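In: here you go, sequence then predicted model.
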Amino acid sequence: MATLNELAYNIKNIAYGGNTNTEQNVSTQQIKFWIHYYRAQIIGELIADGRGVPIDCYQILGITQEDDHQKDTVWSTYHDTYTTSPSYIIPFSGRTADDAGLNKFHGVVAGAKDVNALDLTHSYFFEEPNDYGIIRLRIPHLVTNNSKHGLGRISVVSVEDSETRRGSTNVSIVTRDEATFKQHNRFTHSTPTASMSIYSSGQCILQIDNLLSVNRGTVGSYDSTPKSYAIVVSALLKNPTENNSWTNDDLEYPLPQEMVSDLNRRILGAEMQASLTSINDPITDNADTTKNVQPQAQR
């Protein structure tokens, strides 16, 4: 796949015939904005038409503790104590909130039905309702925020110690309404699910619920070390450069080669027509030389 810089310079060279300088009417930064916009438009049309989105359009998000919506000094200290990597996240449950010195209704858990839902417990393992919690993550906006189609695959990996990862589980992706009313579904009410929400602040929040936060052995006894998880998320971002793992525009851009021509056509046809029909400034002199009147030779 091409890089973002390659896509932008390709469009600029097509538009100006290879003759570009620092005083062109359209900047490379502006072209990159159009690339993000029309890529999202193309993907949105594929989703709306029920066609599959190419796998190359998805990105693996760089999820870390900094993305945890539960931003609190006490909670951050609790993470520092019991995790060995910033990519490991502890579910916020009644049990872990109590261990951290927080009220279980503090912040992110307030109103979460899975905290006190008795039907989540498994008596064979001596589990209690407070053993289950949720993880809420701030992620960049998706191509479509109001449905589950902006997410590709989500899995949680239970981390038992600093060396071993085990217990990988694929999480079902549901709509926000499905997540709210799944307690009435006898088949899936106790399984982990992931859903999207847009807060009034404009933040895009990914919630993963029904995650076991502690290991139990006997009634009234549980391990002092909470369970933590590495979260793997593939998603269709509206602006791929907002991914935590994006470091520069020379990285491969999540757009397959077969979609490049359509992208170019939309940008050149819809956005650059005004620029292409205006008078060009071919001289790099930090001045608008398009208005200079050239002397005419006398006849």
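Out: Sure thing, it's come through. Numbering: from 1, shown residues only.

In: which residues of the stretch 1-150 of the chain score low on pLDDT?
Out: Across the stretch 1-150 of the chain, the ranges flagged by pLDDT under 70 are 18-25, 103-129, 145-146.

In: what ranges does it have for its strands?
Out: 59-60, 88-89, 92-93, 132-139 (DSSP state E, counting those that start in this stretch).

In: quick one: these as a markdown table, columns for mean neighbour count and distance to Lys12 too.
Out: The C-beta positions use only the backbone N, C-alpha and C, and glycine is treated the same way. Listed next are these as a markdown table, based on neighbours: other CB atoms under 10 Å; distance: least, CB to CB, whole Å:
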| stretch | mean neighbour count | distance to Lys12 |
| --- | --- | --- |
| strand 59-60 | 16 | 25 |
| strand 88-89 | 24 | 42 |
| strand 92-93 | 28 | 47 |
| strand 132-139 | 23 | 31 |
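
In: reformat the ones you listed as TSV; add distance to Val233.
Out: Below are the strands of the stretch 1-150 of the chain laid out as TSV (distance: least, CB to CB, whole Å):
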stretch	distance to Val233
strand 59-60	7
strand 88-89	12
strand 92-93	18
strand 132-139	7
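
In: how about the contacts made by the residue nearest to Glu242 when sequence neighbours are not counted?
Out: Excluding the flanking residues, the one nearest Glu242 by CB to CB, 6 or more residues apart in numbering is Pro140, at 3.8 Å. Contact analysis of Pro140 by CB atoms under 8 Å, 6 or more residues apart in numbering lists Leu61, Cys204, Leu237, Lys238, Asn239, Glu242, Asn243.

In: of all the strands of the stretch 1-150 of the chain, which one is nearest Asn5?
Out: Asn5 lies closest to strand 59-60 among the strands of the stretch 1-150 of the chain, at 17.4 Å (CB to CB).

In: mind listing what's buried in the lengthiest helix in the chain?
Out: Scanning the chain for the helix with the most residues, using DSSP state H, yields helix 28-48. Across helix 28-48, burial judged by 16 or more other CB atoms under 10 Å covers 31-32, 34-40, 42-44, 46-47.

In: now do that helix: which elements does it pack against?
Out: Using 3 or more CB pairs under 8 Å, 6 or more residues apart in numbering; DSSP states H and E as the contact test, the elements touching helix 28-48 are helix 4-16, helix 260-270.

In: cross-check the contact I'm expecting between His141 and Ile205.
Out: No. Applying CB atoms under 8 Å as the test, His141 and Ile205 come out as separate, 10.9 Å apart.

In: from what I can see Ser228 touches Ser87, true?
Out: No. Contact criterion CB under 8 Å: Ser228 and Ser87 do not qualify, at 9.4 Å.

In: neighbour count winner among these two?
Out: A direct count of neighbours by other CB atoms under 10 Å for Ser228 and Ser87 places Ser228 higher, at 25 against 18.
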